[in-house]
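> here is my input, please return the structure:
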Amino acid sequence: MPQFLIDGNKSLRGEVFVQGAKNSVLPILAATVLCSGQCIIHNCPDILDVDFSIKILKYLGGNVFREGKSIIVNMENIKKWDVPDFLMKGMRSSIIFLGAIISRLKKARVSLPGGCQLGPRPIDFHLEAFKKMGITVKENNGHLYCKAEEKITSTNIKLPFPSVGATENIILASVFVSGEIILENAAREPEIVDLVRFLNSCGAKIKGEGTSKIIIEGVEKLHAAEYKIIPDRIAAATYMAASAITGGEVLVRNVSKIHLREIVRVLKMCKCGIIIYNDDILVKAPKRLFSIKELRTSVYPGFPTDAQALILSLMTVSKGQSIFFENVFSDRYKYVRELLKMGAKVTIDGKKAIVDGVENLNSANMLATDLRGGAALILAALKAEGTSTIGNLRHIDRGYENLEENLKNLGANIKRS
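Take a look at the predicted model:
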């Protein structure tokens, strides 16, 4: 099994370019199922989750290939309406194909998805919404069977929680509705906006993206389009955090600064110097980070749950005590038991984590428990004295493109073995 070997306690310096957004490219690739002709998607990261999405598209009957950072997709001849278990289990976001397949073929069969196990997933939000749209849903032995009438039914839907996945699935299932779907308490994340802008570039009629109320007016068909994915805000946050924890000075390039306001706010609380340019952010770290006192994760535009582990890792070596409240996923602190091996002082009580900063971390042998938790372990290893190992790299490879090469270019001593 491959692992990272990281020789820590080195300040990172230099510049790094941020990849395209993982959480945008996956639903947009699913959305190509709805299009006639050849779509060209630019700025696609080379990560495992994208590889699985391409495999799903090919299984369905699509003609898909990659040219550098671009993926060319033609789903004109889609025939299959199921996704095999081994593909569904490969990534957490695979459920997003359900809405697109139903919309295109009026039926779908999938198993429940895999990926990071972060606690209960509100798949029922997706399914209850589908039922309101006139879609028959049956579940049997871990498989979902969905069947729609010739036209999806117009209706109003209010989500119990602004779930990103449910919002995306409802949008994808609604594109060819007879009339319109009004979706309230929708997720507002930038990746939702990106999906809607792609669909509208293909001829969809959707408005309200970026707000809690999205209106989808049905169209007869979608044409192909060429589109560029937004920068990955969590990858950007990871490199910003790497600069902060190592006492470094890193210019993070190709970012959307508006999507990083909460990250910038928190790093400033840690006494990092932040200089914002047009599409770049420079992070200059102090000799030792200050504690942030309290951080609560929330849906956008609040502090992102995907960055919680990154900041908690920083606080393990900060001056003072920090308290975290994880309000999105119930089981997001799994990685903390690995940090404890390094001498971190963290106490977990349900959704609450109390972190007492220490002067130094020691090296340890660790396993990544999930994507962002794995990134948090890398940050801690970059700071620690000695050589740490991190296994279960498949979690990290799901979401980060060329992570070790980028860190090496910043001066980190990291290698995959």
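
> so what's residue 162 closest to, chain neighbours aside?
Spatially, and ignoring its direct neighbours in sequence, residue 162 is nearest to residue 187 (4.4 Å; C-beta to C-beta, 6 or more residues apart in numbering). All C-beta atoms are positioned from the backbone trio N, CA, C, and that covers glycine.

> tell me where the stretch 151-300 of the chain has helices.
164-174, 190-201, 233-245, 261-269 (DSSP state H, counting those that start in this stretch).

> make TSV out of these and add mean pLDDT and mean neighbour count.
Converted to TSV, those look like this (pLDDT from 0 to 100; neighbours: other C-beta atoms under 10 Å):
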stretch	mean pLDDT	mean neighbour count
helix 164-174	96	26
helix 190-201	98	22
helix 233-245	98	28
helix 261-269	98	18
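
> before we move on, the earlier item: count of residues packed around the residue nearest to residue 162?
When neighbours are counted by other C-beta atoms under 10 Å, residue 187 registers 21.

> report pLDDT for residue 113.
Looking at residue 113, its pLDDT reads 64.

> same check on residue 318?
pLDDT at residue 318 comes out at 98.

> now for it: which residues touch it?
270, 288-292, 355, 357 (C-beta atoms under 8 Å, 6 or more residues apart in numbering).

> can you pull the contacts of the nearest residue in space to it that is not next to it in sequence?
Here the nearest residue to residue 318 in space, its sequence neighbours aside, is residue 357; by C-beta to C-beta, 6+ apart that works out to 3.8 Å. Residue 357 is in contact with 289, 291, 315-322, 345, counting by C-beta under 8 Å, 6+ apart.

> please pick the buried ones from these.
289, 291, 315-318, 322 (16 or more other C-beta atoms under 10 Å).

> residues of the helix-or-strand element of the chain with minimal mean pLDDT that come out buried?
Ranking every helix and strand in the chain by mean pLDDT, DSSP states H and E puts helix 85-88 at the bottom, with a mean of 87. Neighbour-count burial for helix 85-88, with 16+ other C-beta under 10 Å as criterion, is recorded at 87-88.

> next one: stretch 357-377
Those would be 357, 361, 363-364, 366-377, for stretch 357-377 by 16+ other C-beta under 10 Å.

> and these, which two are the farthest apart?
357 and 371 (24.7 Å; C-beta to C-beta).

> on that earlier part again, turn the contacts of residue 318 into a markdown table, including distance to residue 259 and pLDDT.
A markdown table is the format used below for the contacts of residue 318 (distance: C-beta to C-beta, whole Å; pLDDT from 0 to 100):
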| residue | distance to residue 259 | pLDDT |
| --- | --- | --- |
| 270 | 19 | 97 |
| 288 | 28 | 97 |
| 289 | 23 | 98 |
| 290 | 24 | 98 |
| 291 | 25 | 98 |
| 292 | 20 | 96 |
| 355 | 25 | 98 |
| 357 | 28 | 98 |
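
> okay then, goodbye and thanks.
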